[in-house]
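1. My questions concern the predicted model and sequence given below.
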Amino acid sequence: MTQQPVSSPRRAAPQPASRGKRPLRGGPAGGRPPGPLARLGRQADVRNLSLLGVLAILVAVGGVTEPDTFLAGSNLQLVLTQASIIGVVTVGMTFVITGGGIDLSVGAIVALASVWATTVATQEYGFTGILFTAVVVGVGCGLVNGILVAYGGMVPFIATLAMLASARGLALQITDGRTQIVTVDAVLDLGTPDAYVLGIPPLVLVFGAVTALGWLLLNRTTFGRRTLAVGGNAEAARLAGIDIRRQRLYLYVLSGLCCGIAAFLLIILSGSGQNTNGNLYELDAIAAVIIGGTLLTGGRGTIVGSVLGVLIFTTITNIFALNNLQSDVQQIAKGAIIVAAVLVQHRTLRRTGGA
Amino acid sequence: MSDIIKVFPGVRALDGVTLQVEAGEVHCLLGQNGAGKSTLIKVLAGAHRPDSGTVTWRGEEVVLRSPIAAMRLGIATIYQELDLVEGLSVAENVFLGHERTAAGFVIRGRDTRVAAAELLRRLGHEEIDASRAVGELSAAQRQIVSMARALSHDVRLIVMDEPSAALDPDETENLFRIVRELTADGVAVVYISHRLEEIRRIGDRVTVLKNGRSVAGGFAVEETSDREIIALMTGREIEHVFPGRPAPRESAPAVLRTRGLAREGEFAPLDLELRAGEIVGLAGLVGSGRSEILETIYGARRPSAGEVSVDGRRLRPGSVRSAVAAGLGLAPEERKAQGLFQLESVTRNVSVSTLSRFARLGWLDRRGERVATKAVTRELSLRPDDPDVLIRTLSGGNQQKAVLARWLLRDCRVLLLDEPTRGVDVGARAELYGVIRRLADAGLAVLLVSSELPEVLGLADRVLVLREGRVVDAAPALDLDEDRILDLLMAGHADTTSPGTEPS
C-alpha cells in the first residue's frame, strides 16, 4: 500500500470492478439480484408471505366449516372492524418494541381514554370533544410513559406496568364502574352501515390509514430509521450522535396516540365508554407484533407483519365463535400460534446467520 | 490446548492459540484488551466451543461441551465480572449447582454452611459469615466466595481472570498466598493480569496473546525481562509498510483543543491540540486512560474538569450530540457493541449519523442516501461493493471502514480512532493505515489510540505517551522509537511496585 490508494484507476472504473468481483468474492452478497425491489427486506417478505399463508389457511378453514356465514360480506366487515381497534394499538406497539421497549399500558390507556371522552361533560362538546379528549388522554399517558422511561431511567416494563395500574384505576374512578352511554349522534352514526364507504366501515378505513402511515413512518422516514437504530444497538446509536432519549420518548407518545385513536374507534363501535374496555389488549398487541416478525429485543420491525398477526388472531376468534367453540379453546390456540411463530422466527434468524 | 481457533462473525477472535499448563504451576496469560484472553478462557471453561483445535486434559483429548462438563473434569473459572447470585447467601453461592442435599433435593442448610465456612477458613477468610447474603459483601470478599466455589469442586485447574483488579494491596497479598497454597497442592493456575509486577511475583511461566494468537508460549518468567514481555504484547510480528508522512504543516490551524480535561481516577488534566491534517497517537498500556480520554473528548463520558473546544467553540461537556454536531467522529474500541447495528445493511450503518441531510421534513430520500453512502464506501474501497449487504457479514477491516465512512459522510473534522485495527486481519491493516493517512491528508485531524507501539509510531505524526492517566512524553513520532517508549511505559511499572520488578 502506497501513499495514494485513491488514485485514478480505482475511481475511474468502479462499476466494472464491482460487478466482476462480486461472484469471485463469494460472500453472502453472492448471487443476489440487483433490482432494488428484490433487495427490499427480503427476509421480512418471506416471513410476511408465510403469515399470509397462515391467514389463507384460516380463511379456507372458515369457509369450509361455516360456508354460509364466514364468507358473507357482513361477517368480513365484522372481522375487519374487530381487528381495527386492536390493530391500531398494535401499530403503536410495533414501534415501541422495534425501538427496544415494551408498552404494557395500552389496554389501560384505551380504557381511560374511552371513559374520559364519554363523560357527560365531554359529550357536551360533541364529536370533536370526544375525539379530541380521547387523543389527548392517549398522548398524555404516552408522554408520562416516555418521560419515565427515557428521562427517568425506568425499565419500560415497570414504568408501563405502573401506568397500566393507575390508568385503570383512574378509569374506574371516573366511571364509578358504570357504563357511559354515548348520546352524540355524529359519533354513533359512524358505526352504522349508512356510514360505510363502498361497503367498508369507517373504523376499517381508519385502521387502514394508520397502518399505511405507520408503514411509511417506519420505513421511509428518519424517525423510523432512528427507531431501528435505538432498538438495534442503543449504545452505538448514542455514539453515532442520535438523541436516544428523545427517540424513546416519542415512541411511547406514538403508542399513546394510537391508543387514543383506538379508544375513539371503540366508542364508535360500542356506543359507550367503560372502564373495562381494552382488557388484555397489551397481550394481544404484543402477541401480534411477535408473530408478525418484529424482534422482541428491538432493531427489526415490520408493520405489515404486525397487521397480519392481528388479522390472524381476529380470524381465529371469529371462526371459533361461528363454530360455537368456547373461548378457552381459543386461548389455547392463540398460545400455540405464538409458540409456533417464535420457533419459526428463531430458525429463520439462525439460518440467516443472526443471533 | 493447542491450535485453538474461534471465529465470530466478522472477527477471528482466536487464531491458533496454544497454551500448555502443567500441574502445580502458575501460568500467566498476558495480552492487551481484545487480544483474545477472555475468549480463550471461555473456551477453557466450556462456555465457548472452538471452531477447531484440540484440548488435551491429563493426556487425553477432551471436548468441553458445557461449563458443567469443564467443571466435572476439574476446571474452575473465576470470571472478572463475578458470577455470583447476590440474593443468595455465601454458602448457597459456594454450592450452587451442586448443593449438599438429603434425599436428592432437600438442601441441608447447616451442612452447607459448615462446609462453606471450612472452605473460607482454608482461604484465610474466616471473617466472612457463610450465611450472609452475597449482595452485602465487598468486591474483595466476593472474590473470595468465588474462589471458595471453585475449591468446592475437586479442582485441578483454576482460571483467574484479572483477580486482583478489584483488590487492594493487602488483599492481593492474601490472593497470592492462596495461589501458592493451591499450587503446592498440585493445582494448576492460569492467571490473567496485565500487571507485570504481579506476574513477576507469582508467575512461573508466561504465554502472551496478541491478536488472537499466542506470540510467545510458556517461557519462564524468571528468564524474561519486563521489556521483552511488553515488547511481545505491543510489538508486531509482521513488518508493515506505513504510508509516508507529508511534511509537517506547522501553519495548519488547530481544530481540536482540550484544556485541563480530566476525569478523576482515570486521567490527569490534559492539554491537547490537534491540527488539521495531523495524526496524533496516544501510546500506553491497558489502564493508562487512553480510551477514557478519547471517550471524554467525544462527550461519551462527562469530564470532572476542563473543557474541549473545536475551532475555538466550547463543546457541551458530556454531550455526544454536541461533539458530533461540532464535527467529531469516534470509531469506538468495541466496534461490535458500540459502533455497529448488526441487523442493518452497510448503507444504514453508514448513514445513521447523517440522516437529516437526506430528509425533508423527516421524509428520507433513500436514493440520495444510497448514492452518497456508496460514494463514501467506494472512496474507502469497502468490500463487497454492495450497499445492501448486512454489516455483520463483513470482515473486521471492512466493518471498520464502514464506521469511518459514517463520519466521512458527515464531513467530520476530527476523527477519534480507538484501536482502529482491532480484530482486523493483518493483511487488511496496511490498507486501513493508508485510508487513515489519506483522510488526514485531506485535512482531517486524527487522534489515534492503539495498543501496538509500531502502529502508533508508524502512523502518527506526533505521539503522546501515557502512563497511568498522565502524559509522560510528547514528541514527533520520528524522534521516538520503541525502545524509548518501552522505557517510559516500564518506568510506570517501576513506580507502582518497589522490588521484584527488575529481573534478578
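-> Sure, I can see it.
2. OK, contacts around residue B:95?
-> Neighbour list for residue B:95: B:112, B:115-116, B:149, B:152 [criterion: CB atoms under 8 Å, 6 or more residues apart in numbering or on different chains]. Any C-beta I mention is one placed from the backbone N, CA and C, and that applies to glycine too.
3. For the residue in chain A that chain B sits nearest to, give me its contacts.
-> Residue nearest to chain B within chain A (CB to the nearest CB): residue A:241, separated by 3.3 Å. Residues near residue A:241 by CB under 8 Å, 6+ apart: B:320-321, B:323-325, B:353.
4. Quick check: which ranges of the chain have low pLDDT?
-> Chain wasn't specified; assuming chain A. Chain A contains residues with pLDDT under 70 at A:1-45, A:345, A:348-355.
5. wrong one, chain B
-> Across chain B (using pLDDT under 70), the flagged ranges come out as B:1-13, B:34, B:81-82, B:101-105, B:166, B:235-240, B:248-250, B:491-504.
6. just to revisit the earlier point, including distance to chain A and neighbour count, could the contacts of residue B:95 go into TSV?
-> Shown next, in TSV, are the contacts of residue B:95 (distance: CB to the nearest CB, whole Å; neighbours: other CB atoms under 10 Å in any protein chain shown):
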residue	distance to chain A	neighbour count
B:112	33	22
B:115	37	18
B:116	33	26
B:149	29	24
B:152	34	22
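7. for those residues, which one is nearest residue A:248?
-> residue B:149 (38.8 Å; CB to CB).
8. Quick check on the closest residue to chain A within the stretch 51-200 of chain B: phi, psi?
-> For the stretch 51-200 of chain B, the residue closest to chain A is residue B:51, as judged by CB to the nearest CB, at 14.6 Å. Main-chain dihedrals, residue B:51, degrees, to the nearest 10: phi -80, psi -30.
9. can you check residue A:271 too?
-> Per-residue torsions, residue A:271: phi 60, psi 20 (degrees, to the nearest 10).
10. check contacts around it.
-> Shown in contact with residue A:271 (CB under 8 Å, 6+ apart): A:181-182, A:187-188, A:191.
11. neighbour-wise, which of these leads?
-> If you count neighbours using other CB atoms under 10 Å in any protein chain shown, the busiest of the contacts of residue A:271 is residue A:187, which has 21 neighbours.
12. That one and residue A:130 touch, don't they?
-> Yes: the pair residue A:187 / residue A:130 is scored as a contact, 5.8 Å apart, by CB atoms under 8 Å.
13. May I see the contacts of residue A:271 organised as CSV, with distance to chain B and secondary structure added?
-> Listed next are the contacts of residue A:271 as CSV, based on distance: CB to the nearest CB, whole Å; DSSP: H, G, I helix; E, B strand; the rest coil:
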residue, distance to chain B, secondary structure
A:181, 41, strand
A:182, 36, coil
A:187, 32, helix
A:188, 36, helix
A:191, 34, coil
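14. Enumerate every residue touching the residue in chain B that chain A sits nearest to.
-> Of all residues in chain B, residue B:324 sits closest to chain A, at 3.3 Å by CB to the nearest CB. With contact set as CB under 8 Å, 6+ apart, residue B:324 has these partners: A:240-241, B:353, B:410, B:412.
15. what does residue A:308 give?
-> Contacts for residue A:308 were tallied using CB under 8 Å, 6+ apart; they are A:48, A:51-52, A:55, A:292.
16. Out of the residues you listed, which end up buried?
-> Buried members of those, scored by 16 or more other CB atoms under 10 Å in any protein chain shown, are A:48, A:51, A:55, A:292.
17. Widest-spaced pair of those?
-> Using CB to CB, these span at most 11.6 Å, a distance reached by A:55 and A:292.
18. Give the helix, strand or coil label for residue A:164.
-> Following DSSP: H, G, I helix; E, B strand; the rest coil, we place residue A:164 in the helix state.
19. Was I right to think it contacts residue A:107?
-> Yes: using CB under 8 Å, residue A:164 is in contact with residue A:107, at 7.2 Å.
20. Overlap in contacts, these two.
-> Listed contacts common to residue A:164 and residue A:107 are residue A:282; contacts here mean CB under 8 Å, 6+ apart.
21. Who has more neighbours out of these two?
-> Each of residue A:164 and residue A:107 has its neighbours counted (other CB under 10 Å); residue A:107 has more, 26 against 21.
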